[in-house]
Every structure is written in structure tokens, then in C-alpha cells.
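Participant: Structure, please.
(chains A and B, ligands or ions: 2)
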Amino acid sequence: MTETASSSSTTAHPAGSSSALPIRQERGERQAFCGLSGIVWLHRKMQDSFFLVVGSRTCAHMMQSAAGVMIFAEPRFGTALLQDRDLAGLADANDELDRVVRELLARRPDIGTLFLVATCPSEVIKLDLDTAAARLQQSHNGRVRILAYSGSGLDTSFTQGEDTCLQALVPHLPELPAMERSLLVVGSLADVVEDQFKRLFDKLGIGPLHFLPPRRAADLPPVGPGTFLIAAQPFVGETIDALRERGAHLIAAPFPLGIQGTRAWLHAVAAAWGVAPELVDEVIAAPAARAETALARYREQLSGKRVSFLPDSQLEIPLGRFLARECGMQLGELGVPYLDRRLMEPELALLPANTRLTEGQDLEPQLERLRAERPDITVCGLGLANPLEAEGLTTKWAIELVFTPIQGFDQAADLAELFARPLNRRQRLGF
Amino acid sequence: MELTVWTYEGPPHIGAMRIAASMDAVHLVLHAPLGDSYADLLFTMIARSPARPPVSYTSFQARDLGGDTAQLVKTRLAETVARFKPQALLVGEACTAELLQDQPGALATGMGFDIPVIPLELPAFTRKESWGASETFHQLVRSLLSGRPVPEGAGDPASRAKAEGRRPRANLLGPTALGFRCRDDVAEVTKLLDTLGVDVHLVAPAGATPADLVRIPEADFNLCLYPEIAHSTCIWLERMFKQPWVRTVPIGVGATRDFLLEVARLAGADPEPALAQARTRLPWFSRSVDSTYLTGKRVFIFGDATHVMAAVRIAREELGFDVVGLGSYSREFARELRALAEEIGVEALITDDYLAVEAQVAELHPELVLGTQMERHIAKRLGIPCAVISSPVHVQDFPARYAPQMGFEGANVIFDTWVHPLMMGLEEHLITMFREDIEFDDGQVPKRRPQAAEVSATGGAEAGVPEHERAEARAPAAGESEVRWETDAEKELRKIPFFVRGKARRNTENFARERGIKVIYVDTLYEAKAHFGR
Ligand code: SF4
Ligand code: SF4
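Facilitator: Ligands and ions are numbered 1, 2, ... in the order given. All right, here's what the predicted structure looks like:
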């Protein structure tokens, strides 16, 4: 690969069949979390699980910083710190891991599913956590389920850690009985959003309905040839592939962000299920109208404003689509950590024709373009937000968009508000 | 392997970043995987720094590993020097890169840059953040000063200043980005020195450039303000440039006086006017009758070595507390800490295991915890008041107002911060006198009245604690539930003011358990009270 030497290579090429957006590809310095950070929301979502990061002090420190305010005196995650003697011999490292897991399970008998999470250092020393998980599973005699996945910065960036985690669950999902069908929503959603969607699907007669990840890791949803899959988050491509290998069918759709996105998402499911579109329109009439009213106020504030995205969570494309089409904003550069065409085609088709997509990152040149452009608001990672504010740019933390319930009709206005608030604030301040 | 939940210190390259981020015109290139750039947010979000730290990452990924990661390092080095034009370049690696053995330092040295290049050895699997900061500062000073001549008259500050017809001058060494209250400490110490007629020659690393560091030997002596960072550099400077250094860290009234005496001796100044000018309310506030309730309060102290050692002295000599336990995560100063602990008849807990600290606090059940943000959480869970005295830092440790820890003003700040979490003396009195009054009965507490867990160190920030967390804080620990409270005893317990009720419950249950009593009656409660009473 000749690209390795130059830190940035820019190529414009047609972006595939359904979209002809030019895409700039960059490689260089990155400003993004690694996939370990997914633990911060996954441990809240699956409350009977525990995440044991097998890594270095850096990994532990990263988790602490990403979790920010140290709210939980003992959260459902921890780090098995690799030490000098673990690096010396793999046999010993495996013994050590077994000991730490034993201690942990003794201390926390409430753990139902234990995830061993690989990191850059554990991968570089080739500590095989998949094998370790199988070995430990055996020796703990089925009392807990022990799984492994990678959250390392070598393989994953930020939200991708959820993809590798869910992918690790797929082989353990029970088989959906032949002749039965079900809908599986993939990608973690806030409980309140799940409940809203469940009510809508119930009215449409679509079910049984399952979510991955489930609220309890012990309650794994079934999968089989009768399973229809719909992605709720844009970062679950590998999981979707693994589920398709078990016979499930993917329903292609835009993501349920904003009114249009949510409507298209529900319609796509209904069509796959054989539900009449008229019934969908009837069922969503009230929530969609409610969302219209709520959104109108923010559209007024956002319309005509320019927004740029630095690559972070994979939510950039659907967010850009929502802000452009439903809030009347103009898109500046739209940076994505990577472009996953498995899931993104329906979204790309909805982006304004002149959208400038950047895949990957080369930080400094990207910041220079941003400074030249000076958008009204920039979506970026935590490390960059304050320095950009200090340069007079208004910012929105990308991570907040991952933690906040933003999907569905009743959250459409909340999502717009997240962008309106920083602009509003800047207007209020008298200096 | 070692199981950790939270960590007090980051890896050593975070220490190197703290030095780079403290200084001007320095840049650090870090060979590190993509996700390690999280560290920027420590500076930009926690310390609210308006600029990114001067650090560039190689951000390598799996696909780079098969290829030539060394080439990636070279590209980043070349681009960094061209873009930022630093006066000196630090080159280091994070834990993963250490395993790759690309030797970025050697690569950088071979690239022919016309600025000093300082390769850093940061062994991530054996060392930690403070060590990394100390080592980076030391290496930087060393490589910039090596081979420079020893100034004339060095080693005798008083006569050297006199001979050159100027005021004595000192370097303030040790303040860094992400240090605990460094910003205000520097201002306070500068004022303090001025009262002695001593000038600050330069402050480093905070605010210094490599060109400034070259001027270090021009000062008559050094002040080692934060030994975790500057101790090894001070020793080296003394050896190479005959610069004496001041050992006392001026935190607390007594230490500030000692500091003035030590500086005055070196500078050949008369300390009396400076001592007479001391503006501190701590001694009088501590003597005022309202403070009587502070007598013998049992405190547990944990943090970095410097702040813990200072806190022990203040607690004992200036506030009349009993120090029932102390400890630190600064292994580098374990010997000093152990000696101090022995002196006051306790055992020092030298650990960076948060769970071990929690166990000790639970065991000692002190009336006040002086610790880090971690101990604040431990204390909250156990329902004990707490004040934060040390890093690791939190956004609350960068207040907008002036709030030093050092000098006489620092002593005022410390009095307020430590005493505030405890119930005010007068208030405690009134609540005891009026405990039948519904205003003071927390069974009928009006909504605005804060609960014990809220009235802790950082005041406002605690107000957002969700109800279930506070409930958790008061729930009895596991394994203590085998003793049952009879209804009247439970009622009687509720008459005890809420801020001491947790302790009364605990003491009574311990008392019962030790005697094999299964049910606690009103009498048991009072027998326990008599047993534990002081
Ligand atoms: S990037 Fe790698 S070394 Fe850094 S925190 Fe993530 S997993 Fe750990
Ligand atoms: S009534 Fe109040 S103000 Fe008057 S002496 Fe008593 S406590 Fe003081």
C-alpha cells in the first residue's frame, strides 16, 4: 500500500451506483475515540453484563475520560491491566487473565454476561481473547456467558465498538423456529425510543419485535430465515452481515432520524412485512403531525445556517440529511470516519447533490478547510470543541448525539434543538 | 494483570503531554494508535484550555501494521516540524507503539532537524503519569542545558545577588497543565516572594519556552513547588549548576511560615516583615469558639504525596483534627509518606487500587475524607463528608475564581473548603437543641433542605445527584443486614440528627454483632452510645 507513506491522499471518484457524490479520501492524524468507548453506553443498555477491557493503563484512562464525570463508584466495566510480566510470556498472560476473571466473578456474582474486550496492546501481543473466552466459559461451567470482541483502536473507531460487540453476540442468538417470522431492530436505542417504536409496530401488526442489543444480555433475540432486519444505527454493518449469514433479510432504509427518516424507515419495514402503506400513513399521522409542529420552531432558527461535520460517530450522513432536508441548513464538508455502503446507500441518495463527503481524516488540513469555510456550527469530537469555540466557531459535541435519544418522531424536534441551542447561546451572550 | 475500576494516574505519555501542554513553542509527536487522541480532551474539556495541546499523533491502525509504521512516524515528524515550527521537539510513544519497537526517538534524531530533538523513554507497562511528567521535564531541561557553564557565584545566592546589585531571584519549578490549582498557586507564591524582596526569575514548565529553560541557571535558587514533577530536575540542577533549592512546599499556615524562613535564609533576607504582613484568617477562625466542634474530628487523607503531606500537618496542627489514616498513589514518595504515617501512629496506604482505598475508608469510617475526586465518590457512597485536596483533576478543580492552595490566601481557601462539608458548629448546636422541631426533622424535610451527601466538598455540583444514588449512599453495606432494628429503636434512631445517624446506626450494629445481639432495642442503641461515646 503506497498510501501509508503519504499521510493524506485525495482522490475524487464516483461513489458507486446509487450516488455520484464526489468523495475525498484522507489518511493521516485522527481525532476520534476508539471502539472501547462503546462500553460507556453498552454497559448501561445491557444491565446484566460486565465489560472487562484487557489492555493497558492507557485503555483504563481512556475509559475513565470517556465516561467523563466519574458518576458510578463501581460501574459495570473495568480493566485487566497488562503488566510487564504479562508481555513476557503469553502462557502467563492467559493464567493471569483466568485469575482476574475468577476474582471478578467472585466479587460480582450479579454478572450474567462477561465481555472480554480486546485492545491495541492485547492485539499486538496476540493475546487471543476468543480462545480465552471459550476456555473460561467452560471452566465457569455455564454460570456466566463469556464472550470476546475487539474495541481496539487498531480495528475500530468510536461507535464501531458496538458493531464488534453485537457481532460477538450473533452466534449465540437462538434459532428462530422455521416458518416463524420476526422483526429485529439492530443498534442500541434509548429504552424510551424502543418503546415508542414498539407501540407503532404493534399498531401496524408487525411482530414479534426484538431489539439487538437487548436490555438484558441474557434475553438474546432469536434469528433465522424468517427474520427481517432493520438497522437503527448506522454503525452496525458487520453485525448485519453476520445476521444475514444466519438467514435474516436486511430491509434497506434511511435511518429513523427526523420525520422523513422515521417515516421512510417505518414504511420500508411495513413494505417488507406486507403491510399496506395507507395503514402506515394512518398510524403515523398523529405522531408525525406532532413532530411537524414541534420541529417548525427550530426550522426557523436553523434554516439557512451552514453546518460542517468532522468525522466521529458514523451518524454524520443521516444527520446531515436531516439538517439539510428538514431544517433547511446548508451542508459544508461532511466528514465520516468510514463509509459503509452496506447501510448507507439509501441515505446517500437523499443527500443534496453538491455535498462534499470526506472519508477518513487528516486532521490539520481538515481544520484548515474548516477555518476557511467558517460554518455557523461544527459537529466535532470532545477534544476539538473548546479550541474551535476559542477560534470563534460554534460547535456541537458529536458524542452527545450518540447518548441522547434522537430517533423517531417524538425526538425529531429534540434533535433539531441540539443544534439550535449552541447557536441560540452564541446569540444571547453579550461578549 | 491487575484489575482496576478507576485509575488515579494515566500512563506516562500523558505526563509527557502535560509538560508539552504547559509550555510554549514545544511540540510532542506521539507514536500512538487512533484512539489515544482522547487525551486532548483532558486539556480542552477538563482544564477548559482554549487551545489543543501541542501534540501530534501518528494514529496508526491495523492496516498500517503490515506496512511500514516507521515511515508513518517520519511523515508525522516532518509535517509537525514544518507546520508548528517548535523550538524543541519531544518524541515519545504510547503503550501500543512501545510494543512495536519502531523507536520514533531514534528516527527523529536521524532526520536532521535544526532544533533540539528530545527522545523520551516512557515505559507504559511499569510507569505512570507523574513519573512521565517528571522524566519529560527532566530530559528537556537536561538536553537544553547540558554542557552550559556554571554561572559565577552560583551556590551562594545571597552574595551573588548582592555582587550583581539586584534582588535575589528564584525559579518556580513544577507547575503543569492539569496540576491541582497550579495557576493560582503560582500567583500566590509570586506575591509571597515579593514580600521577602525576592523576584521570580521564571516559572517552568508552565508558561516557559525552551529558550526560557536555557536561562534557568541565571536564577540564584529553585523552588520545588510540586515535587512529583520537579524533584528530580531540582536535584540535577543542584548537582550541575550549584543551584540550591527550597524543600518546603508552602501549603498551610505553618508550612508557609517555614517556607518564608527557608527562602529568607537562602536569599539573605529578613523574614520578619514578610511574616508580620501575613494575611491569613485561618488561625483566628480555627480558634474562634464556633470551631470547637472541629476538635478531634477523625479524618482520612488520600491523594498525591505533596498534598497529602501538607494536609496532614494542617489537619493536625491548624484545625485540631485526628488523622486516622493516610495514603497516596505516588509510589515515588512512599518512603516519606511511610515515615510521616509512622510519626503520627497510623499506617500509610500506598496504592493505586481505588478498591483498596474504598475498603480502608469503609473500615475506618472517618468523619471527614480529604482526597481526590475518587475519594469524593467513595465518601458519597458511604455518606461521609469530603473535600477534594489533590489531583486527578476534574472540571471543578479549575474554578473561575482565585482559589490557590499555597501561601496565606491558600490557607484561607483550605479552611473554607475543608470545613464547609462538615456541619457548621452553630448549626450543629441548633439542630441538637431543636431536634423535635419539624424544621429540623428530616422526616419532614422541606424540599430545599440539602441532605448530608449533598453538603459535601464541591457544594453545587452535588446538587444534581439523583435520588436513587443518594438512597444508595445511605443503604447499609452488604452483610450488615443480619441485625434487625425493632420499631421503637428505629424511631429513636431517626431522632438523631441525620448527619451523624449513619455513624450511630453503624456503631450500634457493630456493637450488637460483636455481642451476638440479633434485635436492636432502644436500650441497645443507648448502650452502644455509651460504649462508643467520647
Ligand atoms: S486506542 Fe488502543 S491503546 Fe488506546 S485506548 Fe483504545 S484500545 Fe487502548
Ligand atoms: S436570639 Fe439569635 S441573635 Fe439573639 S443571641 Fe440568640 S442566637 Fe444570637
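Participant: Contacts only, for the residue of chain A found nearest ligand 1.
Facilitator: Per C-beta to the nearest ligand atom, residue A:153 is where chain A lies closest to ligand 1, at 2.5 Å. For glycine as for every other residue, the C-beta is placed from the backbone atoms N, C-alpha and C. For residue A:153, the contact set (C-beta atoms under 8 Å, 6 or more residues apart in numbering or on different chains) comprises A:34, A:35, A:36, A:119, A:120, B:33, B:34, B:35, B:36, B:61, B:96.
Participant: Would you mind giving the dihedral angles phi and psi of it?
Facilitator: Residue A:153 adopts backbone torsions of phi -70, psi -10, taken as degrees, to the nearest 10.
Participant: Quick one: the helices in the stretch 51-200 of chain B, in order.
Facilitator: With helices called from DSSP state H, counting those that start in this stretch, the stretch 51-200 of chain B shows them at B:62-65, B:69-84, B:95-100, B:104-109, B:129-145, B:157-163, B:182-195.
Participant: Check which residues of the third one are buried.
Facilitator: Taking 16 or more other C-beta atoms under 10 Å in any protein chain shown as the basis for neighbour counts, the residues of helix B:95-100 that come out buried are B:95, B:96, B:97, B:98, B:99, B:100.
Participant: can you give me how far it is from the chain middle?
Facilitator: Distance of helix B:95-100 from its chain centroid, counting by C-alpha atoms, centre = their mean, to the nearest Å, is 29 Å.
Participant: Need the contact partners of that helix.
Facilitator: By C-beta under 8 Å, 6+ apart, the residues outside helix B:95-100 that reach it are A:56-58, A:87, A:120-121, A:124-125, A:153-154, B:11, B:13, B:30-33, B:36, B:58, B:60, B:65, B:69, B:104, B:122-125.
Participant: Next to ligand 1, which bits of chain B? Give me the list.
Facilitator: Neighbours of ligand 1 within chain B, by C-beta under 6 Å from any ligand atom: B:33, B:34, B:35, B:36, B:95, B:96.
Participant: same thing but 8 Å
Facilitator: For chain B, the residues in contact with ligand 1 (C-beta under 8 Å from any ligand atom) are B:32, B:33, B:34, B:35, B:36, B:38, B:94, B:95, B:96.
Participant: which of these lies closest to ligand 1?
Facilitator: Sorting these by how near they are to ligand 1, with C-beta to the nearest ligand atom, puts residue B:35 at the top with 2.7 Å.
Participant: Was I right to think the closest one contacts residue A:36?
Facilitator: Yes. Contact criterion C-beta atoms under 8 Å: residue B:35 and residue A:36 qualify, at 6.9 Å.
Participant: Please identify which of the two sits among more neighbours.
Facilitator: Applying other C-beta atoms under 10 Å in any protein chain shown to residue B:35 and residue A:36 shows that residue B:35 carries more neighbours, namely 33 against 30.
Participant: Whichever residue of the stretch 201-350 of chain B sits closest to chain A - how many residues pack around it?
Facilitator: Residue nearest to chain A within the stretch 201-350 of chain B (C-beta to the nearest C-beta): residue B:329, separated by 12.3 Å. By other C-beta under 10 Å, 27 other residues sit near residue B:329.
Participant: which residues does it contact?
Facilitator: Going by C-beta under 8 Å, 6+ apart, residue B:329 touches B:8, B:9, B:302, B:303, B:304, B:350, B:351, B:352.
Participant: out of these, which are buried?
Facilitator: Buried by 16+ other C-beta under 10 Å: B:8, B:9, B:302, B:303, B:304, B:350, B:351, B:352, out of those.
Participant: What's the ChimeraX line that selects buried ones from the contacts of helix B:95-100?
Facilitator: Buried residues among the contacts of helix B:95-100 (16+ other C-beta under 10 Å), as a ChimeraX selection:
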select /A:56,57,58,87,120,121,124,125,153,154 /B:11,13,30,31,32,33,36,58,60,65,69,104,122,124,125
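Participant: before we move on, the earlier item: find residues that contact each of residue B:35 and residue A:36.
Facilitator: In contact with both residue B:35 and residue A:36: A:62, A:152, A:153, using C-beta under 8 Å, 6+ apart.
Participant: Same list (those residues) but as a markdown table, adding pLDDT.
Facilitator: Output for the shared contacts of residue B:35 and residue A:36, formatted as a markdown table (pLDDT from 0 to 100):
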| residue | pLDDT |
| --- | --- |
| A:62 | 95 |
| A:152 | 97 |
| A:153 | 96 |
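Participant: in chain A, which spans are strands?
Facilitator: Along chain A, counting by DSSP state E, strands occupy A:23-27, A:49-55, A:77-81, A:113-118, A:145-150, A:182-186, A:209-212, A:227-231, A:249-250, A:306-309, A:330-336, A:356-361, A:377-380, A:395-397.
Participant: same thing with the stretch 351-500 of chain B?
Facilitator: With DSSP state E, counting those that start in this stretch as the criterion, the stretch 351-500 of chain B has strands at B:368-371, B:386-388, B:484-485.
Participant: for these, which one sits closest to residue B:290?
Facilitator: Residue B:290 lies closest to strand B:368-371 among the strands of the stretch 351-500 of chain B, at 16.8 Å (C-beta to C-beta).
Participant: Show me what the closest one pairs with in its sheet, parallel or antiparallel.
Facilitator: Each strand paired with strand B:368-371, and its direction, by DSSP bridges: strand B:298-303 (parallel), strand B:386-388 (parallel).
Participant: Report the distance from it to the chain centre.
Facilitator: How far strand B:368-371 lies from its chain's middle: 12 Å, per C-alpha atoms, centre = their mean.
Participant: what does chain A have sitting close to ligand 1?
Facilitator: A:33-36, A:53, A:55-56, A:58-59, A:61-63, A:119-121, A:151-154.
Participant: can I get the helices of the stretch 51-200 of chain B in TSV with distance to residue B:487?
Facilitator: Converted to TSV, the helices of the stretch 51-200 of chain B look like this (distance: least, C-beta to C-beta, whole Å):
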stretch	distance to residue B:487
helix B:62-65	64
helix B:69-84	70
helix B:95-100	58
helix B:104-109	70
helix B:129-145	53
helix B:157-163	73
helix B:182-195	53
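Participant: export those to JSON lines and tack on mean pLDDT and distance to residue B:251?
Facilitator: Formatted as JSON lines, the helices of the stretch 51-200 of chain B follow (pLDDT from 0 to 100; distance: least, C-beta to C-beta, whole Å):
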{"stretch": "helix B:62-65", "mean pLDDT": "88", "distance to residue B:251": "47"}
{"stretch": "helix B:69-84", "mean pLDDT": "95", "distance to residue B:251": "36"}
{"stretch": "helix B:95-100", "mean pLDDT": "93", "distance to residue B:251": "33"}
{"stretch": "helix B:104-109", "mean pLDDT": "95", "distance to residue B:251": "36"}
{"stretch": "helix B:129-145", "mean pLDDT": "98", "distance to residue B:251": "17"}
{"stretch": "helix B:157-163", "mean pLDDT": "90", "distance to residue B:251": "23"}
{"stretch": "helix B:182-195", "mean pLDDT": "97", "distance to residue B:251": "9"}
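Participant: closest to residue A:369 out of those helices?
Facilitator: Set against residue A:369 and scored by C-beta to C-beta, the helices of the stretch 51-200 of chain B come closest in helix B:69-84, at 14.7 Å.
Participant: Just the buried residues of the closest one, please?
Facilitator: Neighbour-count burial for helix B:69-84, counted by 16+ other C-beta under 10 Å, picks out B:69, B:70, B:71, B:72, B:73, B:74, B:75, B:76, B:77, B:79, B:80, B:81.
Participant: which stretches of chain A have low pLDDT?
Facilitator: For chain A, applying pLDDT under 70 flags the ranges A:1-19, A:68-74, A:91.
Participant: Let me see the domain layout of it.
Facilitator: As assigned by automatic domain parsing, chain A contains the domains A:2-31+A:288-429, A:35-154, A:182-280.
Participant: Redo those as a markdown table? Include distance to residue B:231.
Facilitator: As requested, the domains of chain A are exported to a markdown table (distance: least, C-beta to C-beta, whole Å):
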| stretch | distance to residue B:231 |
| --- | --- |
| domain A:2-31+A:288-429 | 30 |
| domain A:35-154 | 22 |
| domain A:182-280 | 47 |
